[in-house]
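Enquirer: heads up, no residue letters with this:
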Ligand SMILES: Nc1ncnc2c1ncn2[C@@H]1O[C@H](COP(=O)(O)OP(=O)(O)O)[C@@H](O)[C@H]1O
Ligand SMILES: [Mg+2]
């Protein structure tokens, strides 16, 4: 089960979400590079929620199994949804006035990236994992 | 909202970002630097980001826009202390900090600016 649901309502929540992500990554001994990549991906996705859906939530889940630690973040909003996911994931594509690097960039920064979206609902799961030695 | 100390050293401003900024704070910082630059007629600006653990596309845009605007005002803004993990994340994201020169340390950034201002730099 996901715990630690953080509301995304204001820009300060972007900082709160990415700091929470970094804290978990530190706790599970991810490298500084991985912490930074995860925090940056969270920053991009959280900002998208504020920009395109006004509000949403981010929750975290940690799994340890088969000598692996996996941190999953689930970002959910009830905005308009992403009608063309393939297009939205293209480098430089922006439906607004952004750089269009948020989704494709975030995808490159993490180990897994899954979008589910329909009008009125968008859910993005990202995860990082590491093998415990 | 002035949470970033901006110091003047000779004809340069040094702004050291100490904590993670919200979007509003980043924009307030941007306009404050622009105003200080005009008012004090400074030649160079160093923005030290060594305490910043995250530079996302928003912050990258604030910084590169700032550098462009400072240039239009006839001065030069440079970055110092970009953390290695932040630099590689920026590259992987596909974000370019092209319009702003970066230095490893505050020291090297200051040395560069002062040399350049006295016209002794060959690049
Ligand atoms: N949570 C979301 N809800 C609805 N649309 C979204 C959401 N996130 C992203 N999008 C759409 O996908 C596009 C690409 O997003 P992104 O790569 O972050 O670039 P940018 O935010 O710079 O436009 C956005 O312009 C927007 O149209
Ligand atoms: Mg975006």
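Expert: Cool, the structure landed. Note that the structure is a prediction, hence the values are computed from the model and not measured. Ligands and ions are numbered 1, 2, ... in the order given.
Enquirer: please enumerate the strands of the chain.
Expert: In the absence of a named chain, chain A is used. Counting by DSSP state E, residue ranges of the strands within chain A are A:3-8, A:56-65, A:68-77, A:112-118, A:121-131.
Enquirer: switch to chain B, that's the one I care about
Expert: Counting by DSSP E, the strands of chain B are B:6-9, B:12-16, B:44-48, B:76-80, B:101-103.
Enquirer: of the ones you listed, which is nearest residue B:68?
Expert: Closest approach to residue B:68 among the strands of chain B (C-beta to C-beta): strand B:76-80, 8.9 Å. All C-beta spots, glycine's among them, are computed from the backbone N, C-alpha and C.
Enquirer: relative to strand B:12-16, how tilted is the closest one?
Expert: Computed by axes from the mean of the first three to the mean of the last three C-alpha atoms, to 10 degrees, the angle separating strand B:76-80 from strand B:12-16 equals 40 degrees.
Enquirer: what packs against strand B:76-80?
Expert: strand B:44-48, helix B:57-72, strand B:101-103, helix B:106-117 (3 or more C-beta pairs under 8 Å, 6 or more residues apart in numbering or on different chains; DSSP states H and E).
Enquirer: so what's the closest residue to residue B:20 other than its chain neighbours up against?
Expert: Spatial nearest neighbour of residue B:20, excluding adjacent residues (C-beta to C-beta, 6 or more residues apart in numbering or on different chains): residue A:15 at 5.0 Å. The neighbours of residue A:15, taking C-beta atoms under 8 Å, 6 or more residues apart in numbering or on different chains as the test, are B:20, B:21, B:22.
Enquirer: count of neighbours near the nearest residue to the last one once chain neighbours are set aside?
Expert: The shortest distance from residue B:22 to any residue other than its chain neighbours is 4.5 Å, reached at residue A:11 (C-beta to C-beta, 6+ apart). Here the number of neighbours of residue A:11 (other C-beta atoms under 10 Å in any protein chain shown) works out to 17.
Enquirer: wait, doesn't residue A:11 sit right on residue B:24?
Expert: Yes: if you go by C-beta atoms under 8 Å, residue A:11 and residue B:24 touch, sitting 6.1 Å apart.
Enquirer: circling back to that earlier point, in CSV: the helices and strands packed on strand B:76-80, plus distance to residue A:5.
Expert: Below are these laid out as CSV (distance: least, C-beta to C-beta, whole Å):
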stretch, distance to residue A:5
strand B:44-48, 35
helix B:57-72, 24
strand B:101-103, 37
helix B:106-117, 40
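Enquirer: and chain A, which of those is closest to it?
Expert: helix B:57-72 (5.1 Å; C-beta to the nearest C-beta).
Enquirer: and stretch B:109-120, which residues are buried?
Expert: B:109, B:110, B:112, B:113, B:114, B:116 (16 or more other C-beta atoms under 10 Å in any protein chain shown).
Enquirer: can you tell me which of these is closest to ligand 2?
Expert: Within the buried residues of stretch B:109-120, proximity to ligand 2 (C-beta to the ion) peaks at residue B:109, which comes in at 29.8 Å.
Enquirer: ligand 2 contacts on chain A?
Expert: Proximity of chain A to ligand 2, by C-beta under 5 Å from the ion, involves residues A:48, A:98, A:102.
Enquirer: which of the strands of chain A has the lowest mean pLDDT?
Expert: Comparing those by mean pLDDT, the weakest confidence falls on strand A:3-8, with a mean of 90.
Enquirer: report all helices and strands that that one contacts.
Expert: Here strand A:3-8 touches helix A:11-27, strand A:56-65, going by 3+ C-beta pairs under 8 Å, 6+ apart.
Enquirer: let's see that with 10 Å instead.
Expert: helix A:11-27, helix A:32-48, strand A:56-65, strand A:68-77 (3 or more C-beta pairs under 10 Å, 6 or more residues apart in numbering or on different chains; DSSP states H and E).
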